[in-house]
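Novice: next input, structure requested:
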Amino acid sequence: MKKNLIFALLLCPIYMSFAQLTVRNDAYIFVDGTGFDDTVADVAPLFVTDNINLQEANSTIYLRNEAQIIQGIKSTGNSGLGKLSVYQQGTVHNYAYNYWASPVGNVSTNTTGNSAFIPNQNIFDVVDLTNSNLAGYATSGYNGTSAPLNIESYWLWKYNPGTSYSDWIFVGQSGTVDAGYGFTMKGTTGSTPASGQLYDFRGKPNEGEIGAEVTLGQETLIGNPFPSALDAKAFIHDANNVPLLDTGSLYYWEQDQSVSSHVLVDYRAGYGAYTIDASGTLGSYVPPAFNAYNGDGTLNTAGSTSTTGKRARRYIPVGQGYMVKGAATGTLLISDKHRVFYKKTGVNSEFYRTTSQRSTSNDASEYQMVYNDNGYQIIPEAFKRFRLNVDFGVAYTRQLLHNFHDSATPGMDYGLESKVNSLLSADANWKQGNDAYVTKADKFEIELIIPIILNIDAPQTLKFRLTDVQNFDNGQPIFLHDKDNDLYVDLRQQDFDVILPIGLYSNRFEITFEEANTLSSDEFVDNNFNVLQNNANAELVVLNPKNLKINSIELFDITGKLVFNKLVNNTTTRLSYSTKNLSDGVYLVKTTLSNSNTTTKKVIVANKK
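Specialist: Next comes the predicted model:
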């Protein structure tokens with residue numbers, strides 16, 4: 001291309017559009033994305049309606065500073081021996097994996113259409129803004145190095161499709177990965193999640209309609225195969241993909257980077273689950289509870305918690321790989337029509353990492369998700385949601401997300417729900433049919449009951465707590481109901497701790513929005529009924545000025561253990577019970593009336609010493 005075009009692209013944020021684009025001989029196009037605005041939907045710095053021909057070996061397009069290429073959906077196929085150069089930054093050190101998908105393929109021969117990615121032909125070590133050398137693969141001790149870039153080829157694998165650890169396929173430095181599929185690669189010595197390792201992907205740019213095989217009940221490692229962002233909503237809700245993609249969910253790998261070991265039994269890692277509704281306005285991401293692994297790749301009994309704050313969002317950046325699970329056997333479609341120009345640093349995109357990002361939404365309708373300071377999406381008014389955190393001692397937390405919308409059904413709701421990728425030996429989940437869910441959806445009704453399934457592999461203390469409660473009326477309780485003790489705890493007011501022995505708890509705990517057979521709070525207020533703790537006199541006081549007939553008063557500690565059960569069977573206006581022998585802490589007082597109506601009140605015991 002002519003130098004005046006190069007000059008314009010370097011200095012001015014000019015959108016360039018071509019029907020076809022051919023670069024010849026030693027010419028090049030340099031696209032600097034710094035000044036380009038991704039708030040305008042369907043507009044990219046470089047748009048090509050049809051094909052790109054990088055004809056000779058030294059014909060090059062450089063995409064820098066998050067510049068991207070969008071191609072039309074009627075392309076006849078890219079060709080040539082030249083290369084597109086796209087920078088991507090890994091976000092892990094030498095002991096952890098990123099899941100990748102290459103935006104380019106090899107150019108060993110001049111063919112039309114996509115070609116396979118080959119690591120030792122397509123990954124380059126950056127020298128300066130336009131020059132790079134092929135990455136090396138000479139390492140020691142299974143550790144890649146940063147300067148010069150030497151990739152440890154032992155950690156390059158693909159997975160398509162499979163059901164177990166043995167189904168991973170070795171790629172190494174000279175193996176192939178077809179367009180649309182993903183691969184694993186560990187980082188380099190000295191790189192960190194903050195600084196990352198810079199890679200230059202060079203080769204023929206992928207385009208067109210790309211297929212990825214999935215099999216019923218099996219997983220496949222795929223990813224974004226384009227040198228532009230991919231719209232997860234468009235991909236998940238493509239008519240071709242809906243019957244093939246289980247619950248419409250993408251699973252993102254995350255690894256505990258405090259572990260400095262290549263030994264599998266030392267790994268702590270797991271898959272976060274992401275889906276998005278058909279309107280593109282409600283994204284649902286739940287981080288992983290980390291599994292531990294045995295030497296054969298099967299799950300171990302230990303776990304830990306992801307604390308990085310990593311989140312997947314709507315616009316999948318260049319190079320990102322992820323797992324999908326087949327709902328049927330067929331070919332997923334990844335298409336140019338799913339492509340969009342959206343920068344990785346945008347609020348709705350992330351290469352599964354934590355960096356400084358814009359905190360406000362873009363103006364265009366395609367970019368309407370907004371996030372709060374905690375990183376949670378501020379959801380549309382038509383939806384409700386909450387997140388239930390279940391803490392397993394101090395070891396780890398399983399987060400469960402629940403969405404509510406009038407369109408939700410008792411069955412699986414595609415784009416609103418996600419299954420658990422893999423359960424820990426001590427874990428919690430929502431249940432639907434025979435499947436464990438980490439994200440569930442229902443139509444909100446005050447009578448709704450949502451069971452919680454718990455599996456406990458060793459006696460331990462569990463804590464239940466809520467976060468990200470949105471669009472519920474301020475006065476609407478969200479109860480955890482312990483059915484064994486008939487105890488209702490409003491998790492909007494307090495957390496709940498309970499000590500559980502080993503076992504499967506499939507019918508003890510549930511979320512409800514009202515107490516069964518209870519006198520309404522308004523009626524209790526009307527009757528001036530009150531329960532309070534008088535710490536000055538070390539006594540629990542029940543005030544019953546309207547002479548309601550009380551059957552019993554029960555006191556529970558915060559673990560759910562019954563401390564005492566007092567039979568009353570009278571209409572006394574004032575009752576009191578000594579709390580001198582109780583340990584300081586939070587207690588729940590359950591009062592049952594003669595008509596079986598109940599109320600529960602929290603009190604705090606703080607005895608004077």
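Novice: looking at the protein, which helix or strand is least sure?
Specialist: Least confident helix or strand, the chain: helix 3-11 with a mean of 47, by mean pLDDT, DSSP states H and E.
Novice: what about the helices in the stretch 1-150 of the chain?
Specialist: 3-11, 119-122 (DSSP state H, counting those that start in this stretch).
Novice: quick one: average pLDDT of the shortest one?
Specialist: The one in question is helix 119-122. Helix 119-122 comes out with an average pLDDT of 98.
Novice: and it, what does it pack onto?
Specialist: strand 197-205 (3 or more Cβ pairs under 8 Å, 6 or more residues apart in numbering; DSSP states H and E). Where C-beta positions appear, they are placed from N, C-alpha and C, glycine not excepted.
Novice: and stretch 255-275, which residues are buried?
Specialist: The neighbour-count check on stretch 255-275 (16 or more other Cβ atoms under 10 Å) flags 255-257, 259, 262, 267-275 as buried.
Novice: what does stretch 65-76 give?
Specialist: Those would be E66, A67, Q68, I69, I70, Q71, G72, S75, for stretch 65-76 by 16+ other Cβ under 10 Å.
Novice: got those as a markdown table, with distance to G113 and pLDDT columns?
Specialist: Converted to a markdown table, the buried residues of stretch 65-76 look like this (distance: Cβ to Cβ, whole Å; pLDDT from 0 to 100):
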| residue | distance to G113 | pLDDT |
| --- | --- | --- |
| E66 | 27 | 88 |
| A67 | 24 | 91 |
| Q68 | 21 | 93 |
| I69 | 16 | 94 |
| I70 | 18 | 92 |
| Q71 | 13 | 92 |
| G72 | 16 | 87 |
| S75 | 10 | 74 |
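Novice: what sits against the spatially closest residue to Y159 that is not a sequence neighbour?
Specialist: Excluding its sequence neighbours, the residue lying closest to Y159 (Cβ to Cβ, 6 or more residues apart in numbering) is L221, at 4.1 Å. By Cβ atoms under 8 Å, 6 or more residues apart in numbering, the residues touching L221 are Y99, K158, Y159, N160, Y181, G182, F183, T184, G321, Y322, M323.
Novice: what pairs with the last one across the strands?
Specialist: Meaning M323. M323 has the following beta-bridge partners by DSSP bridges: L221, Y251.
Novice: got the confidence number for it?
Specialist: The model's pLDDT for M323 equals 98.
Novice: low-scoring stretches of the stretch 51-200 of the chain, by residue?
Specialist: 193-194 (pLDDT under 70).
Novice: an error on my part: the question was meant for the chain.
Specialist: 1-14, 37-43, 193-194, 291-294, 297-309, 344-368, 517-525, 608-609.
Novice: and the nearest residue to T461 once chain neighbours are set aside, what helix or strand is that in?
Specialist: If the residues on either side of it in the chain are set aside, T461 comes closest to I499, at 5.1 Å by Cβ to Cβ, 6+ apart. For I499, the element it lies in under DSSP states H and E is strand 496-500.
Novice: picking that back up, now render the buried residues of stretch 255-275 as JSON lines, adding secondary structure and distance to S583.
Specialist: Shown next, in JSON lines, are the buried residues of stretch 255-275 (DSSP: H, G, I helix; E, B strand; the rest coil; distance: Cβ to Cβ, whole Å):
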{"residue": "Q255", "secondary structure": "strand", "distance to S583": "41"}
{"residue": "D256", "secondary structure": "coil", "distance to S583": "36"}
{"residue": "Q257", "secondary structure": "coil", "distance to S583": "40"}
{"residue": "V259", "secondary structure": "coil", "distance to S583": "38"}
{"residue": "H262", "secondary structure": "coil", "distance to S583": "47"}
{"residue": "Y267", "secondary structure": "coil", "distance to S583": "40"}
{"residue": "R268", "secondary structure": "strand", "distance to S583": "35"}
{"residue": "A269", "secondary structure": "strand", "distance to S583": "39"}
{"residue": "G270", "secondary structure": "strand", "distance to S583": "37"}
{"residue": "Y271", "secondary structure": "strand", "distance to S583": "41"}
{"residue": "G272", "secondary structure": "strand", "distance to S583": "39"}
{"residue": "A273", "secondary structure": "strand", "distance to S583": "40"}
{"residue": "Y274", "secondary structure": "strand", "distance to S583": "44"}
{"residue": "T275", "secondary structure": "strand", "distance to S583": "45"}
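Novice: ok, which pair from these is furthest apart?
Specialist: H262 and T275 (32.5 Å; Cβ to Cβ).
Novice: burial measure for L562, as a count.
Specialist: For L562, the neighbour count with other Cβ atoms under 10 Å is 12.
Novice: in contact with the nearest residue to it once chain neighbours are set aside, which residues?
Specialist: Spatial nearest neighbour of L562, chain neighbours left out: F556 (5.8 Å); criterion: Cβ to Cβ, 6+ apart. Each residue near F556 by Cβ under 8 Å, 6+ apart is listed here: N485, L487, L562, V563, Y587, L588, K590.
Novice: what lies in contact with the host helix or strand of the last one?
Specialist: Secondary structure here is read from DSSP H and E; on that basis K590 sits in strand 585-593. When contacts are taken as Cβ under 8 Å, 6+ apart, the neighbours of strand 585-593 outside the stretch itself are 486-487, 489, 494, 519, 529, 531, 533, 540, 542, 548-558, 563, 598-605.
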